[in-house]
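In: sequence first, then the predicted structure:
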Amino acid sequence: MKKDYTYVIIQFILIICFFLLFNYRTGETPFEIQVVCGVMVFVGVGLVIIPILQINKFISVLPTPVKGSKLVTTGAFKYIRHPIYAGIILGGVGLAFMFNNFIQLIIIFILYLLFELKSEYEEQQLLKKFPEYLAYKKHTGKFFPIMK
C-alpha cells in the first residue's frame, strides 16, 4: 500500500508543477499547430472523462483495485488498458506544444515514465485480482491502441 501512495503523491506533484508553469512560454506557436494541439487536448480530456464514467463508483487514484470492483474491458478499455493515463499524457503534450512550453513537455515526459512504472505495478495488482487480465492484456495496448 505504501507504493500506491508514493506513486500518487509523485503524480500529483508533477501535475501541479505542470499547471504552475502554464504561463511560461518559450515563443509563439503557429496557428495550425495550435489547432492540432487543441484536438489532442480535446481527445485527451475525453480519454480521462469517459473511462472515469465507465469505472463509476470503483474509480480510485491508487493503483490497487478497489474492493468489489470488476474488470472493465469495454468502451475505452476495449482498446487501451490505461486510457486515463493516456488521456493525461496526450492532453499534456498537446498543451505543452500549444503554449510552446518546453518545461511542461519535460514534466509530461517524466509523468509518462511514472505512468510506465505505476501501470506495471497496477497490472500486477490487477492480475492478482482478475486472472482473466492476462488474456485482456495480450489484446489491448497499454496507453495507445494496438495497430493490427
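Out: Sure thing, it's come through.
In: checking residue 62 next. Helix, strand or coil?
Out: Per DSSP: H, G, I helix; E, B strand; the rest coil, the local secondary structure of residue 62 is coil.
In: three-state assignment of the residue nearest to residue 58 when sequence neighbours are not counted?
Out: Nearest in space to residue 58, with sequence neighbours left out and distances taken as Cβ to Cβ, 6 or more residues apart in numbering, is residue 69 at 3.9 Å. To be clear about C-beta, it is placed using only N, CA and C from the backbone, and glycine gets the same treatment. Of the three states, residue 69 takes coil according to three-state DSSP.
In: hmm, residue 62 and residue 69 touching each other?
Out: No - applying Cβ atoms under 8 Å as the test, residue 69 and residue 62 come out as separate, 11.5 Å apart.
In: tell me where this structure has helices.
Out: 2-20, 31-55, 83-98, 102-129, 133-139 (DSSP state H).
In: using CSV, list the CA coordinates for the last one.
Out: Listed next in CSV are the C-alpha coordinates belonging to helix 133-139 (Å, rounded to 0.1, in the frame of the first residue of the first chain):
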residue,chain,number,x,y,z
TYR,A,133,-6.5,-9.8,-17.1
LEU,A,134,-3.6,-11.7,-18.7
ALA,A,135,-5.7,-12.5,-21.8
TYR,A,136,-7.1,-9.0,-21.9
LYS,A,137,-3.6,-7.6,-21.7
LYS,A,138,-2.5,-9.5,-24.8
HIS,A,139,-5.1,-7.9,-27.0
